[in-house]
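1. Make a model of this:
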Amino acid sequence: MLNNVSTAAQLLELRDAPIEKKLDYLIDHMAICDLIQRYGQGTDTHDFQLLRTCYGDYIEVDHSPTIGMGRIRVSADKWCSLAEKFHSQLDGDEHVMIPQSIVIHGDTASCRVLMHASHFYRDAAGSPYQTLVGSYDLKFVRSDDGWKISESVQSVSWTEGNWQFHNDIKNSLGTPDLD
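-> Okay, the predicted model is just below:
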């Protein structure tokens, strides 16, 4: 669609573009924002069928700061099953996600998402609260069903609270079958 590498540059390029091109860009931008919010909502409400709608068949993932495993390519079904096993053990999640600089190139797009995730685990040894702050670098592909997340790389800037219960839940998963 556009050739520039930032949202600001893409908007400048669109200034004199035909109305159809402007509308296409706005619709794509809104759809990607909606997808990011759906991702957080699915996780927070433990609606893992909703979470599954955020992905195509496979996803490249590197959430090393929180789950280890390095960079993997995994089926979206297995990824969502792992998310369900992890988050269903928590008594509460809240992900505040703020998309920054959505860049659209035809049928692909990228975006950095600021993330503030709070977790509550009533049965924790110690404080039941844990928060992490960081970002996701996401890549998207357009599909027949709309935009889908194709890659997610997590970075954590800082954490506070009881990190131990996070590790206890992660360790309770054993070695997940993600092949």
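
2. Determine the number of other residues adjacent to the residue lying closest to Thr108 once chain neighbours are set aside.
-> In space, and not counting its chain neighbours, Thr108 is closest to Val141: 5.7 Å by CB to CB, 6 or more residues apart in numbering. (Each C-beta comes from the backbone N, C-alpha and C, glycine too.) Val141: 14 surrounding residues under other CB atoms under 10 Å.

3. Show the contacting residues for Val141.
-> By CB atoms under 8 Å, 6 or more residues apart in numbering, Val141 lies in contact with Gly56, Asp107, Thr108, Trp147, Lys148, Ser150.

4. now, among those residues, which is nearest to Leu23?
-> Leu23 has its nearest neighbour among the contacts of Val141 in Trp147, at 16.0 Å by CB to CB.

5. Okay, and that closest one sits in which element?
-> Per DSSP states H and E: Trp147 is located in strand 146-161.

6. Return the distance of stretch 37-51 from the chain's centre.
-> From the chain centre to the centre of stretch 37-51 is a distance of 10 Å (CA atoms, centre = their mean, to the nearest Å).

7. I meant to write stretch 12-24 there.
-> The answer for stretch 12-24 is 28 Å, by CA atoms, centre = their mean.

8. List the buried residues for it?
-> Leu14, Asp24 (16 or more other CB atoms under 10 Å).

9. how long is it from one end to the other?
-> Stretch 12-24 has its terminal residues 15 Å apart, counting by CA to CA, to the nearest Å.

10. what's the average pLDDT for stretch 117-133?
-> Taken as a whole, stretch 117-133 has an average pLDDT of 94.

11. how about the helix ranked longest in the chain: buried residues?
-> Ranked by residue count, the top helix of the chain under DSSP state H comes out as helix 19-44. By 16+ other CB under 10 Å, the buried positions in helix 19-44 come out as 24-25, 28-29, 31-33, 35-36, 38-44.

12. Let me know the closest of those to Glu13.
-> Nearest to Glu13 out of the buried residues of helix 19-44 is Tyr25 (CB to CB; 9.3 Å).

13. That'll do, ta.
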